[in-house]
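S.K.: this one's structure only:
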């Protein structure tokens with residue numbers, strides 16, 4: 001949050017220095033907003049790019065790159081010797097900000113419980129507002145004294161300190177704050193899902209995301225114009241009669257007072273959003289809708305209260321030149337006199353307070369809503385898509401500001417006109433409020449399923465270790481006459497049981513903990529009994545009769561081990577065979593429900609992938625050991641595992657090819673006018689009434705014989721594809 005605070009200050013720090021920059025570089029008014037417009041556009045593009053990589057790679061590295069990039073950009077800004085160098089340096093700062101924003105939102109969301117998100121993001125919005133004020137304040141008050149370059153050099157020094165601190169910051173685990181994933185955190189398991197390119201379309205297609213991304217384009221316009229041009233408008237038009245030495249400071253303070261309620265609004269409405277969220281999941285979006293619409297009349301009324309200042313009506317005698325040490329006192333006196341001589345400015349501040357409080361409602365709750373509906377691995381990308389929409393709108397406004405002023409006649413008219421864009425934004429918030437609960441339920445269901453899969457997968461992996469230990473005990477009975485090999489196998493088994501017991505205990509997997517504990521005690525008992533027998537056998541005083549009895553005791557131990565639980569190594573073979581049964585089901589469904597047929601193929605791919613993953617783990621465990629450490633029994637197991645791994649890999653490759661060929665069939669059907677949505681509807685009918693798909697096609701396209709013929713030819717390819725698959729897929733299920 002400190003990092004974001006500094007980045008926001010960097011974003012708007014150039015605004016109060018527009019006049020000084022125009023004078024130094026001798027550029028027209030139409031070009032003054034280009035550096036900031038470039039900054040905003042580049043930050044949006046980089047936010048989109050790095051938002052995606054944020055959800056795929058180490059977020060710490062991305063945020064380090066961003067902080068370093070904007071620091072270099074600020075240093076170059078401070079040392080700019082030409083207008084175009086200034087533009088390039090702002091591009092560098094924008095690239096850095098684009099990296100930091102999506103990572104920052106993603107990291108903060110993983111550190112905050114769902115019912116506190118509005119409050120924390122409201123706090124972040126407050127810090128953003130304060131940082132904007134700090135950035136502009138540094139430029140307004142230090143710029144005239146130490147040149148406009150100094151504030152950039154000052155912030156770049158602070159950024160360097162922050163970069164050093166970043167090396168010591170621990171980034172929270174992805175999805176750590178999701179209620180559905182708490183069990184994974186308790187088990188010290190990682191949420192391992194990462195975004196892929198195909199997920200971007202699902203993020204955009206999520207209705208809540210789509211509505212909020214589009215409304216971001218509209219809702220940012222009034223705020224952008226007020227932020228970037230209110231101080232300039234007051235300075236150049238309404239406060240033009242004031243002495244030049246205090247004109248900018250007075251305009252900046254009034255601009256700050258206009259946005260003062262934004263801080264209070266974020267504080268109140270973010271807290272209110274959390275309270276209302278606990279009652280109904282839709283309430284954050286409902287609150288944002290109300291605030292967006294209600295702020296419009298207040299904002300319009302605020303602008304209507306503006307009046308040009310006549311210095312003769314102010315009861316202040318200004319010297320010919322105001323000294324630097326007197327600037328602050330004259331600025332405060334001037335503001336007091338403006339309120340006295342022009343009561344409309346009191347009304348302006350009151351209306352501005354109400355409008356800015358309400359305008360904070362959507363901002364305070366927006367990030368919380370988007371995090372509520374997006375998967376943990378989608379948060380950075382969703383935030384960057386929103387930022388792209390918002391920043392693209394902001395950059396367009398800045399690029400087109402000169403033309404808008406020309407068309408509308410003045411800055412005042414442009415500001416007044418901009419409030420119209422809050423109307424479509426409010427409508428889109430209303431639409432989002434109707435969809436947000438459904439999107440949240442979908443996310444909750446997926447996370448719950450993934451949690452179960454992750455826990456089951458982990459438990460299964462522990463059970464694999466248990467399975468190895470049991471296998472070693474079963475193998476040890478064949479080496480009761482070989483003391484060294486027997487104890488090697490038994491000690492390996494005890495070590496594995498100890499590991500499983502310890503893992504089960506620390507992760508509260510009670511059944512595994514108990515099972516491993518019992519097996520370990522039984523193995524230790526066997527070890528002690530056999531050790532005692534061998535000790536007796538080695539004694540010279542032991543008679544032949546006693547040796548015979550001891551040998552019989554060893555035989556009884558062998559029988560006891562045989563009666564114990566056997567290894568479950570065959571489970572993997574069962575999974576392997578189950579995957580092919582999914583293909584058989586897919587073949588049977590092909591004429592009634594081709595969509596469900598494809599889902600069976602996808603499931604088969606998942607199972608084969610899982611079998612390969614489990615086998616690879618088992619194989620790696622043995623292959624990592626030195627050759628002299630691997631006993632003959634482990635070599636036999638390794639050979640078996642490699643055999644099934646090879647067969648499963650071939651089956652997986654063939655099944656992926658099967659899916660690819662069927663997907664091409666779907667594409668050919670779309671070319672003929674049969675979309676996947678149409679195919680879904682047709683499949684539902686054919687399955688429900690057990691009708692052949694070809695009959696439905698005859699009824700649907702009855703008058704178009706050419707289309708029917710083409711579609712039937714395409715569908716008949718499905719049989720050929722399945723027949724081709726059988727050539728690659730081994731039908732003998734025997735693995736060992």
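M.R.: Now that the structure is in, tell me what you want to look at. Treat the numbers as computed from the prediction; the structure is a model and nothing was measured.
S.K.: Flag the shaky bits of the stretch 51-200 of the chain, pLDDT-wise.
M.R.: 51-52, 54-57, 174-193 (pLDDT under 70).
S.K.: quick one: the residue nearest to residue 531 when sequence neighbours are not counted and residue 517, what's the gap?
M.R.: In space, and not counting its chain neighbours, residue 531 is closest to residue 487: 7.9 Å by Cβ to Cβ, 6 or more residues apart in numbering. For glycine as for every other residue, the C-beta is placed from the backbone atoms N, C-alpha and C. Distance of residue 487 to residue 517, computed by Cβ to Cβ, to the nearest Å: 21 Å.
S.K.: re earlier: got the contact list for the residue nearest to residue 531?
M.R.: 527, 530-531 (Cβ atoms under 8 Å, 6 or more residues apart in numbering).
S.K.: Please identify which of these is nearest to residue 619.
M.R.: Distance to residue 619 across the contacts of residue 487 (Cβ to Cβ) is lowest for residue 527, with 28.1 Å.
S.K.: any idea how far residue 472 lies from residue 154?
M.R.: Taking Cβ to Cβ, one finds residue 472 at 67 Å from residue 154.
S.K.: List the buried residues of stretch 276-286.
M.R.: Residues of stretch 276-286 classed as buried: 276-277, 281-286 (neighbour count, 16 or more other Cβ atoms under 10 Å).
S.K.: Which of the contacts of residue 487 has the largest number of neighbours?
M.R.: residue 530 (19 neighbours; other Cβ atoms under 10 Å).
S.K.: hang on, that residue packs against residue 557?
M.R.: Yes: under the criterion of Cβ atoms under 8 Å, residue 530 makes contact with residue 557 at 6.4 Å.
S.K.: Give me the common contacts of these two.
M.R.: Common neighbours of residue 530 and residue 557 (criterion: Cβ under 8 Å, 6+ apart): residue 480.
S.K.: measure residue 237 to residue 259 for me?
M.R.: Applying Cβ to Cβ, the value for residue 237 to residue 259 is 19 Å.
S.K.: The two - which one has more neighbours?
M.R.: Neighbours were tallied for residue 237 and for residue 259 using other Cβ under 10 Å; the higher tally belongs to residue 259 (22 against 15).
S.K.: what's the nearest residue to the more buried one if we skip its chain neighbours?
M.R.: Closest to residue 259 by Cβ to Cβ, 6+ apart is residue 356, at 5.4 Å.
S.K.: what do you get for residue 372?
M.R.: Distances taken as Cβ to Cβ, 6+ apart put residue 440 closest to residue 372, at 5.4 Å, once the chain neighbours are dropped.
S.K.: Backbone dihedrals for the residue nearest to residue 531, both of them.
M.R.: Taking degrees, to the nearest 10, you get phi -70, psi -30 for the backbone angles of residue 487.
S.K.: mind listing the helices for the stretch 351-500 of the chain?
M.R.: Counting by DSSP state H, counting those that start in this stretch, the stretch 351-500 of the chain has helices at residues 379-408, 411-418, 422-476, 483-506.
S.K.: Name the stretch among those that sits most buried.
M.R.: Most buried of those by mean neighbour count (mean count of other Cβ atoms under 10 Å) is helix 379-408; its value is a mean of 22.
S.K.: Give me the angle between that helix and helix 411-418.
M.R.: Orientation of helix 379-408 against helix 411-418 (axes from the mean of the first three to the mean of the last three Cα atoms, to 10 degrees) gives an angle of 130 degrees.
S.K.: okay, and for the stretch 351-500 of the chain, where does confidence drop off?
M.R.: Counting by pLDDT under 70, the stretch 351-500 of the chain shows low-confidence ranges at 452-461.
S.K.: how does the chain divide into domains?
M.R.: Annotated domains of the chain cover 2-173+208-450, 480-563, 571-728 [automatic domain parsing].
S.K.: returning to that earlier point: what about the contacts of residue 487, which are in helices?
M.R.: Among those, the members found in helices (DSSP state H) are 527, 530-531.
S.K.: Could you export those residues as TSV, including pLDDT?
M.R.: Putting the ones in helices among the contacts of residue 487 into TSV (pLDDT from 0 to 100) gives the following:
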residue	pLDDT
527	87
530	85
531	86
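S.K.: Can you add distance to residue 332 and give the residues you listed back as JSON lines?
M.R.: As requested, the ones in helices among the contacts of residue 487 are exported to JSON lines (distance: Cβ to Cβ, whole Å):
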{"residue": "527", "distance to residue 332": "87"}
{"residue": "530", "distance to residue 332": "93"}
{"residue": "531", "distance to residue 332": "92"}
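S.K.: Closest to residue 446 out of those residues?
M.R.: Checking these against residue 446 with Cβ to Cβ, the nearest one is residue 527 at 47.2 Å.
S.K.: between the ones in helices among the contacts of residue 487, which is nearest residue 478?
M.R.: Out of the ones in helices among the contacts of residue 487, the member with the shortest distance to residue 478 (by Cβ to Cβ) is residue 530, at 13.6 Å.
S.K.: contacting residues for residue 311?
M.R.: Going by Cβ under 8 Å, 6+ apart, the list of residues near residue 311 reads 241-242, 318.
S.K.: gap between residue 660 and residue 654?
M.R.: From residue 660 to residue 654 the distance is 11 Å (Cβ to Cβ).
S.K.: Between these two, which has more neighbouring residues?
M.R.: Between residue 660 and residue 654, residue 654 has the larger neighbour count (other Cβ under 10 Å), namely 18 against 10.
S.K.: so which strand or helix has the more buried one?
M.R.: Using DSSP states H and E, residue 654 sits in helix 632-671.
S.K.: go on, residue 550?
M.R.: Using DSSP H and E, residue 550 sits within helix 544-563.
S.K.: so what does that helix touch, helix or strand wise?
M.R.: Packing contacts for helix 544-563, counted by 3 or more Cβ pairs under 8 Å, 6 or more residues apart in numbering; DSSP states H and E, involve helix 422-476, helix 510-538.
S.K.: buried sites along the shortest one?
M.R.: Pointing back at helix 510-538 there. Counting neighbours by 16+ other Cβ under 10 Å, helix 510-538 gives 512-513, 515-517, 519-520, 523, 526-527, 530, 533 as buried.
S.K.: Now do the strands in the stretch 151-300 of the chain.
M.R.: With strands called from DSSP state E, counting those that start in this stretch, the stretch 151-300 of the chain shows none.
S.K.: And the helices in it?
M.R.: Under the criterion DSSP H, counting those that start in this stretch, helices of the stretch 151-300 of the chain are mapped to 182-186, 197-205, 207-233, 244-258, 260-279, 283-304.
S.K.: which one of the ones you listed lies closest to residue 541?
M.R.: Among those, helix 182-186 comes nearest to residue 541, with 57.4 Å by Cβ to Cβ.
S.K.: Only the buried residues of stretch 329-345, if you could.
M.R.: Buried, per 16+ other Cβ under 10 Å, within stretch 329-345: 330-331, 333-335, 337-338, 341-342, 345.
S.K.: just checking, which of the residues you listed belong to helices?
M.R.: Judged by DSSP H, the buried residues of stretch 329-345 include 330-331, 333-335, 337-338, 341, 345 as members of helices.
S.K.: Between those residues, which sits nearest residue 294?
M.R.: Using Cβ to Cβ, residue 345 comes nearest to residue 294 of those, at 22.8 Å.
S.K.: didn't that closest one look like it was pressed against residue 309?
M.R.: No: Residue 345 is not in contact with residue 309 according to Cβ under 8 Å; the separation is 9.0 Å.
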